[in-house]
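Visitor: no sequence for this one, just the structure:
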C-alpha cells in the first residue's frame, strides 16, 4: 500500500501536476490523521473495556470483604447475647439471700467475657484499589460515596464499641475494689495459681458473704455490664443494617457485570 502511494506521488511530481500533488499530499495527511485518530479511539475503547472489567472484579472483592464483616459481626453479636444472659443471671442470683460466691464471681466474669474483641471492617479490596491509584475506575460516584461512608461509619462504630468495652473492663479491674471480698480468689485460673503452702485459703473466705455493701456494689456492676452490652447490641444491629444496605448494592452491581 505504501509502495503504491509512493508511485502515485512520484508520477504526479514527474508529470508536473503540482496542484494535483498538493491535493494528493493533503489527502494523504488527512488519511494519516484519520488513521491515528482511529487507532487512538480503539486504544481508548480497549482501556475503557479493561477498566470496566476491573471495576466489575472490584465489586466482587468489595462484596467478599463485606461478607467477612457480616460473619465477624454475627460472631460478636452471639458473644454479646451470652454476656447479656450472664448479666441477667447475676442480677437474679444477687437477689437471693445467700448467693454462692463462686457462682457470683463466675457470672461477673462472664458478663465481660470477650467484651474487648474488636470489630474493624475488612478493607483489603479498598486498600488495594487505593494503592493502585485507580479509584477513578469506579464510575458510579454515588456508589463511591456510599462505599467511603460505609468504611468511615464502620470504623467509627468500632471505636464506640471499644469505649463501651473499656468502661466495663475498667470497672471490673477497678483498683478501689476489694478483690478478696468480691471473691476473685474463686476464679478457677486464680485459684489454680494460689500456693496453698504459702497462702491460707480459708482466711480468704468471708463468713458473711455478701455484705450489704458488697451486694449493692455487685448489683450495680451487673447492671452496668448489662447496660454496656445492651448498648453494644444496639450498635451491632445498626452495623448489620449498614452491611445489608451495602451488600444489596454490591450484589446488584455484581450481577450487572
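Guide: Structure's in. What do you need? Source: prediction; values computed, not measured.
Visitor: Wait, residue 63 touches residue 247, no?
Guide: Yes. Counting by Cβ atoms under 8 Å, residue 63 does reach residue 247; the two are 6.9 Å apart. From N, CA and C alone the C-beta is placed, and that goes for glycine too.
Visitor: Output the below-cut-off pLDDT ranges for the stretch 51-200 of the chain.
Guide: Across the stretch 51-200 of the chain, the ranges flagged by pLDDT under 70 are 51-52.
Visitor: For this protein, which segments count as helices?
Guide: 2-14, 18-94, 101-110, 124-131, 141-172, 179-182, 188-191, 212-256 (DSSP state H).
Visitor: and the last one, how far out from the chain's middle?
Guide: Looking back up the chat, that one is helix 212-256. Computed by Cα atoms, centre = their mean, to the nearest Å, the chain-centroid distance of helix 212-256 equals 15 Å.
Visitor: again, but for the third one
Guide: Centre-to-centre, helix 101-110 and its host chain are 33 Å apart (Cα atoms, centre = their mean).
Visitor: Summarise which helices and strands that helix is packed against.
Guide: When contacts are defined as 3 or more Cβ pairs under 8 Å, 6 or more residues apart in numbering; DSSP states H and E, helix 101-110 sits against helix 18-94, helix 212-256.
Visitor: Which one of the ones you listed lies nearest to residue 164?
Guide: Residue 164 sits nearest to helix 212-256 of all the helices and strands packed on helix 101-110, at 5.0 Å, using Cβ to Cβ.
Visitor: so for the closest one, what's the average pLDDT?
Guide: Confidence for helix 212-256, expressed as mean pLDDT, is 93.
Visitor: Of the helices of the chain, which is nearest residue 117?
Guide: Ranking these by proximity to residue 117 (Cβ to Cβ) places helix 18-94 first, at 6.2 Å.
Visitor: thinking again about what came up before, most tightly packed of the helices of the chain?
Guide: helix 101-110 (a mean of 19; mean count of other Cβ atoms under 10 Å).
Visitor: hmm, who's touching that helix?
Guide: 82-83, 86-87, 89-90, 93-94, 172, 182-184, 186-187, 206, 209-210, 218, 221-222, 225 (Cβ atoms under 8 Å, 6 or more residues apart in numbering).
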